[in-house]
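Visitor: What follows is a protein structure lacking sequence information:
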């Protein structure tokens, strides 16, 4: 191999220090600024590679994947057989109680474009963007359950923050609707080390192991009822007033290849004021 | 005996780098998209680093890190720092261990990937249990596949890369 001169010059030291300083500056910059910058670079300079990876993900087929998809489709078809009667019953009951119709959520399918770095899974690159109607704060779900939320959307791709990211939070409730809390990742966990925390549960409430925890629908980002995880035990008890439960997540970001991105219709957003303090 | 290969101008080298980009962003997602799949960007970085001065290798690492951070902005800047250090160390390491041996080359690819992963995980605030699992299970597996893929590239394109291999 061609061997360049290996004496480390002052210029080499300066270039190394300069590069490290740029890296440190990027790490300490506000996340809004870095997300905006990464979105701009992704949709301009890196557009060809994102496009290429999207096409590759679309064309990825195998017998095993086809059988999995067929199984999921059959399960969905069976589950949907009773839906018309259920919808009619739901509409009747809402009319009896004087409730308005539930806000509809539209779903867009997208491919997950996995990268080869170890923190892939804390954020994921998706092959759908604003051209598909995706915007920031759109919920991202897999066939198994909740994955995360879109934090930055460009024309043809978007970035989603998954539950494995330390900043992820979602308002949650047990499937029977009895116990509410906040779901957050266990601090410092990686995507492959799958577990979450169900925080803020009152000390008097006891949740049996195996209970399904779903999104509560509060705040208007996540529709109600999306599975998040199952209780696998108590993680801690805080001073006798709160219990923190361990959850086994139902959807693993590192292993998902297809997702659905939800979006509420524009008129339904008025139901959730972004911050009550801002109201007149 | 070491054989010196002829060729290795910038033209063929750029072709190899474009091939690595195609492998990273088209072949890998289509054929083997998992946590143990080889990192062709890192192979490209190390091939560039061992041809460059340490300072230039650090800047190339910074740019490769920027690409990874843009595509996975979980902890923006961690990839830039990790790849900068790997590029610099790759250039320096090749000078220290300059034997043109196939195992040394494989070790360079594997070691570079493991160090990159370790730096990124530490900078991302991964806890001890997660770090242990990632560095003892997933990273060695990915380092092995990356080393094998790198060796195939080096052997197939040794004339274009002007690589001398002990035989």
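Guide: Here it is on my side, so go on. Everything numeric here is computed off the predicted structure, so don't read it as measured data.

Visitor: got a list of what the most centrally placed residue in chain A touches?
Guide: Closest to where the C-alpha atoms of chain A average out (Cα atoms, centre = their mean) is residue A:148, at 1.0 Å. Applying Cβ atoms under 8 Å, 6 or more residues apart in numbering or on different chains to residue A:148 gives the contacts A:124, A:139, A:140, A:160, A:161, A:162, A:163, A:165, A:168, A:253. C-beta: built from backbone N, CA, C; applies to glycine.

Visitor: Doesn't it lie inside a helix?
Guide: No: using DSSP: H, G, I helix; E, B strand; the rest coil, the assignment for residue A:148 is strand, not a helix.

Visitor: partner residues bridging it?
Guide: residue A:140, residue A:162 (DSSP bridges).

Visitor: how close does it get to chain B?
Guide: Going from residue A:148 to chain B by Cβ to the nearest Cβ, to the nearest Å gives 11 Å.

Visitor: Same question for residue A:89.
Guide: 43 Å.

Visitor: what do you get for residue A:209?
Guide: Counting by Cβ to the nearest Cβ, the gap from residue A:209 to chain B is 22 Å.

Visitor: Can you tell me the closest non-neighbouring residue to residue A:217?
Guide: In space, and not counting its chain neighbours, residue A:217 is closest to residue A:224: 2.8 Å by Cβ to Cβ, 6 or more residues apart in numbering or on different chains.

Visitor: sec struct for that neighbour, please.
Guide: Under three-state DSSP, residue A:224 comes out as coil.

Visitor: Assess the claim that it and residue A:214 are in contact.
Guide: Yes: between residue A:224 and residue A:214 there is a contact under Cβ atoms under 8 Å: 7.3 Å.

Visitor: out of those two, which sits in the busier spot?
Guide: residue A:214 (24 against 14; other Cβ atoms under 10 Å in any protein chain shown).

Visitor: got the contact list for the more buried one?
Guide: A:172, A:173, A:174, A:175, A:224, A:225, A:226, A:227, A:228.

Visitor: Out of these, give me the two with the largest separation.
Guide: A:174 and A:226 (13.5 Å; Cβ to Cβ).

Visitor: what number of residues lie near residue A:71?
Guide: 10.

Visitor: repeat for residue A:50
Guide: 21.

Visitor: That one contacts residue A:129, doesn't it?
Guide: No: here residue A:50 lies out of contact with residue A:129, judged by Cβ under 8 Å, at a distance of 9.6 Å.

Visitor: quick one: common contacting residues for those two?
Guide: A:43, A:156, A:157.

Visitor: could you pull out the helices for chain B?
Guide: Along chain B, the segments classed as helices by DSSP state H run B:10-22, B:28-31, B:40-49, B:54-71, B:78-96, B:102-123, B:128-133, B:139-156, B:158-161.

Visitor: so can I have TSV of these showing mean neighbour count and mean pLDDT?
Guide: Shown next, in TSV, are the helices of chain B (neighbours: other Cβ atoms under 10 Å in any protein chain shown; pLDDT from 0 to 100):
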stretch	mean neighbour count	mean pLDDT
helix B:10-22	15	89
helix B:28-31	19	86
helix B:40-49	26	93
helix B:54-71	25	94
helix B:78-96	25	88
helix B:102-123	21	91
helix B:128-133	15	79
helix B:139-156	20	92
helix B:158-161	18	79
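
Visitor: Throw the ones you listed into TSV and include distance to chain A, thanks.
Guide: TSV is the format used below for the helices of chain B (distance: least, Cβ to the nearest Cβ, whole Å):
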stretch	distance to chain A
helix B:10-22	7
helix B:28-31	4
helix B:40-49	7
helix B:54-71	3
helix B:78-96	4
helix B:102-123	5
helix B:128-133	4
helix B:139-156	7
helix B:158-161	7
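
Visitor: Including distance to residue A:60, could those go into JSON lines?
Guide: As requested, these are exported to JSON lines (distance: least, Cβ to Cβ, whole Å):
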{"stretch": "helix B:10-22", "distance to residue A:60": "15"}
{"stretch": "helix B:28-31", "distance to residue A:60": "5"}
{"stretch": "helix B:40-49", "distance to residue A:60": "17"}
{"stretch": "helix B:54-71", "distance to residue A:60": "18"}
{"stretch": "helix B:78-96", "distance to residue A:60": "25"}
{"stretch": "helix B:102-123", "distance to residue A:60": "24"}
{"stretch": "helix B:128-133", "distance to residue A:60": "27"}
{"stretch": "helix B:139-156", "distance to residue A:60": "18"}
{"stretch": "helix B:158-161", "distance to residue A:60": "29"}
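
Visitor: between these, which gets nearest to residue A:184?
Guide: helix B:128-133 (15.6 Å).

Visitor: need the contact list for residue A:31.
Guide: So residue A:31 contacts A:167, B:76 (Cβ under 8 Å, 6+ apart).

Visitor: what do you get if the cut-off is 10 Å, keeping everything else the same?
Guide: Contacts for residue A:31 (Cβ atoms under 10 Å, 6 or more residues apart in numbering or on different chains) come out as A:151, A:152, A:161, A:167, B:73, B:75, B:76.

Visitor: gap between residue A:221 and residue A:152?
Guide: 15 Å (Cβ to Cβ, to the nearest Å).

Visitor: what about those two, which has more around it?
Guide: residue A:152 (23 against 18).

Visitor: which element is that one on?
Guide: strand A:146-153 (DSSP states H and E).

Visitor: So what's the gap between that strand and the chain middle?
Guide: Distance, stretch centre to chain centre, for strand A:146-153: 4 Å (Cα atoms, centre = their mean, to the nearest Å).

Visitor: what does stretch B:48-57 give?
Guide: Worked out by Cα atoms, centre = their mean, stretch B:48-57 lies 13 Å from the chain centre.

Visitor: So the closest residue to residue B:70 other than its chain neighbours versus residue A:142, what's the distance?
Guide: Distance criterion Cβ to Cβ, 6+ apart; nearest residue to residue B:70, sequence neighbours excluded, is residue A:38 at 4.3 Å. Separation of residue A:38 from residue A:142 (Cβ to Cβ): 23 Å.

Visitor: Please say which of those two ends up with more neighbours.
Guide: Just comparing residue A:38 and residue A:142: by other Cβ under 10 Å the higher neighbour count belongs to residue A:38, 23 against 19.

Visitor: in what helix or strand does the more buried one lie?
Guide: Per DSSP H and E, residue A:38 falls inside helix A:31-42.

Visitor: got any residues that touch both of residue A:174 and residue A:226?
Guide: Counting by Cβ under 10 Å, 6+ apart, the residues touching both residue A:174 and residue A:226 are A:214, A:216.

Visitor: tell me the domain boundaries of chain A?
Guide: A:54-165+A:255-265, A:170-251 (automatic domain parsing).

Visitor: Tell me the buried residues in stretch A:226-240?
Guide: A:226, A:227, A:228, A:229, A:230, A:231, A:235 (16 or more other Cβ atoms under 10 Å in any protein chain shown).
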